[in-house]
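K.L.:
Pasting the sequence and the predicted model now:
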Amino acid sequence: MSTLAASISPSADLPAAPSCDAALSSGPSPTSGPSPTAHLIGLGRIGRALLALAAETPVRFIAASDRSATVYSEAGLPAAELQAAKSAGRPLADHPLAAPLPLDIALSVTDPDLVIDATDSDLAPAARAAALARTRAVLKSGKQLVLAAKTPLLLDVEELAACRRQLHVAAVFGGTGSAWLAELDKWPQHDRAFAGVVNATTTEVIAALERGGSLADGLASARAAGLVEADATQDLDGRDAALKLALVARLAFGIALSPDAIERPHLAALDPQLLQARARRGATTRLVGRLAQDGTPSLRYEELPRGDRLALPCGRVGYAFAAADGTTRLHLGRGVGALGTARALQGDLAACARARRGLAVTEVAR
């Protein structure tokens, strides 16, 4: 869940962004006082990983929903039991506490402090529409929304700006989102450009190809590391990277860029011999997404020197924002794969718990 913000060139007015590790290891315990209640939507790999970490997560899980049903207990869910059942392929509908309620009704009944959306980022039109409808309903209810899912952020730019304080997005961007959003509040919106390596799967496959392996070898390695999307073609054809680039444009630039409007390179089109030749001369290749100051996007496989700030190792993503004066701020994230994403979610949940505890203290003082 770590986020490392590295100043590539000195900047007096931009302090280093905090590490997500600090959210769980310093300051007053987020669990002192009443824990916020949480409703978890989606029990795929990420949702199950978060349930496995429930004992060290500063919220009380009172509800969980999959496509079949919602399980609810005001006293707290049997997280380990649910995690084991879902890992064994059993639907929540089989649980004795389950109710086959529509999700909007389930959220109204459970009335949590926080909603955690860990659903798969399905890019099909119907799935996008359902994600946006669900997101709008949660935000309208005034709940805090902690996201691992990406498609909920395809809201209109105006909606995103209006609900920024309700959205927690560290996990969407490999553990870095909350840090760079907070930092960019100090920059004029027109004075920024972006470059990033936002998809860890392609880096893993490239590393395998550079070693002389095949595309299948690289995908096997990425799967073993838990990096591949539920739909692996989203990594291969660039859709996952294009979606993240579009979300950066919306959140950091205020530009309603559609992921479908971004030209995407396919990983299978890479020449393994070219990658190996680059590696022999001390270079490497990464899928780099860029946004110019006017928001013009590009997404392509680029040759990079090994010492370049974007020549990231496997298991890392990087989000770099540059100002017109040449100052660059690079946020490195390890929140990839199911467990890494779950730990990034923990960072946002800890921040929510601290904020709620601070609000309670303020109210008592009054």
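P.N.:
Yep, it's here.
K.L.:
Going by C-alpha atoms from here, please, whenever you check contacts or count neighbours.
P.N.:
Noted.
K.L.:
after the worst-scoring helix or strand of the chain on mean pLDDT comes which helix or strand?
P.N.:
Lowest by mean pLDDT, DSSP states H and E among the helices and strands of the chain is helix 20-25, with a mean of 32. Going down the chain from helix 20-25, the next helix or strand is strand 37-41, by DSSP states H and E.
K.L.:
helices or strands next to that next one in the packing?
P.N.:
Secondary-structure packing of strand 37-41 (3 or more Cα pairs under 8 Å, 6 or more residues apart in numbering; DSSP states H and E): strand 60-65, strand 114-117.
K.L.:
Any idea which of those gets closest to residue 89?
P.N.:
strand 60-65 (14.4 Å; Cα to Cα).
K.L.:
quick one, the closest one and strand 37-41 angle?
P.N.:
20 degrees (axes from the mean of the first three to the mean of the last three Cα atoms, to 10 degrees).
K.L.:
Mind listing the strands strand 60-65 pairs with, and their directions?
P.N.:
The pairing partners recorded for strand 60-65 under DSSP bridges are strand 37-41 (parallel), strand 70-72 (antiparallel).
K.L.:
So for residue 140, which of these sits nearest?
P.N.:
Taking the strands paired with strand 60-65 one by one with Cα to Cα, strand 37-41 is closest: 15.9 Å.
K.L.:
average pLDDT across that closest one?
P.N.:
Averaged over strand 37-41, pLDDT sits at 97.
K.L.:
Just put the helices and strands packed on strand 37-41 in a markdown table and tack on distance to residue 261.
P.N.:
Formatted as a markdown table, those follow (distance: least, Cα to Cα, whole Å):
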| stretch | distance to residue 261 |
| --- | --- |
| strand 60-65 | 33 |
| strand 114-117 | 26 |
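K.L.:
Pick the most buried one from these.
P.N.:
Across those, averaging neighbours per residue (mean count of other Cα atoms under 10 Å) puts strand 60-65 on top, at a mean of 26.
K.L.:
if we look at that strand, which residues are touching it?
P.N.:
Contact partners of strand 60-65, identified using Cα atoms under 8 Å, 6 or more residues apart in numbering, comprise 35-43, 54, 70-77, 79, 92, 103, 110, 112.
K.L.:
Buried members of the residues you listed into PyMOL, please.
P.N.:
Buried residues among those (16 or more other Cα atoms under 10 Å), as a PyMOL selection:
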select buried, resi 35+36+37+38+39+40+41+42+43+54+70+71+72+77+79+92+103+110+112
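K.L.:
ok, residue 307 - how many residues close by?
P.N.:
Neighbour count of residue 307, defined by other Cα atoms under 10 Å: 11.
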